[in-house]
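>>> Kindly generate the corresponding structure for this input.
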Amino acid sequence: MKYEIDDIDRKILCFLVNDARMPFLEIARECGVSGAAIHQRVNKLQSNGVITGSRLLVKPSALGLNVCAFVSIVVTETNKIPEVIDALKRIPEVVECHFVTGKATMLVKMYCTDNNHLMDIMMNSILCLPCIQSTDTMLSLEEAFERQVWVKSGKSAEK
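From the prediction side, this is the model:
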């Protein structure tokens, strides 16, 4: 059975998406409920898979990763896709992998130190994978913004 979230759950999610470190008591005041109720609701959201964790975000350029590339990949044999996915998981520069519609089979996002590093990963790690027919690489010139999933909520929770 799918877990149904209510308006208070949506407000809680909106606050936490905007600031995962926001104190539960502050969220409780904004939602008009007790701190214990917020704890119970967050636990319920976690146990039902609505909240899947929290993480620390690191700015890639602070680590010297100055090139962000999006690579579309065409795989020739669909039965080899699990092998390709496993191989991509072993490339630390690849941070996301999505199955997509269109001509490509998948789209990966990767961070590299510079264009030479990107070329090395492409030539020696990605293009030599089994059943890779072709790739198309796009470089990000600048990230305009990044955000967590949009949560529709009351006006007091939105920023």
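
>>> in the lowest-mean-pLDDT helix or strand in the chain, what's buried?
In the chain, no helix or strand scores lower on mean pLDDT, DSSP states H and E than helix 7-18, which sits at a mean of 92. For helix 7-18, burial by neighbour count (16 or more other Cβ atoms under 10 Å) applies to I8, D9, R10, K11, I12, L13, C14, F15, L16, V17. All C-beta atoms are positioned from the backbone trio N, CA, C, and that covers glycine.

>>> Distance from it to the middle of the chain?
18 Å (Cα atoms, centre = their mean, to the nearest Å).

>>> packing partners for it?
On a contact count with 3 or more Cβ pairs under 8 Å, 6 or more residues apart in numbering; DSSP states H and E, helix 7-18 meets helix 24-31, helix 35-47.

>>> Out of those, which one sits most buried?
helix 24-31 (a mean of 17; mean count of other Cβ atoms under 10 Å).

>>> What helices and strands are in contact with that helix?
Secondary elements touching helix 24-31 (3+ Cβ pairs under 8 Å, 6+ apart): helix 7-18, helix 35-47.

>>> CSV for these, including distance to V58?
Formatted as CSV, the helices and strands packed on helix 24-31 follow (distance: least, Cβ to Cβ, whole Å):
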stretch, distance to V58
helix 7-18, 18
helix 35-47, 23
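
>>> For N115, which of the ones you listed is the nearest?
helix 7-18 (34.2 Å; Cβ to Cβ).

>>> can you pull the contacts of the one residue sitting closest to the centre of the chain?
Most central in the chain under Cα atoms, centre = their mean is E96, positioned 6.9 Å from the mean C-alpha point. Going by Cβ atoms under 8 Å, 6 or more residues apart in numbering, E96 touches V108, K109.

>>> Give the pairing partners of the helix or strand harbouring it; include direction for each.
Per DSSP states H and E: E96 is located in strand 94-99. Strand pairing for strand 94-99, using DSSP bridges, gives strand 106-112 (antiparallel).
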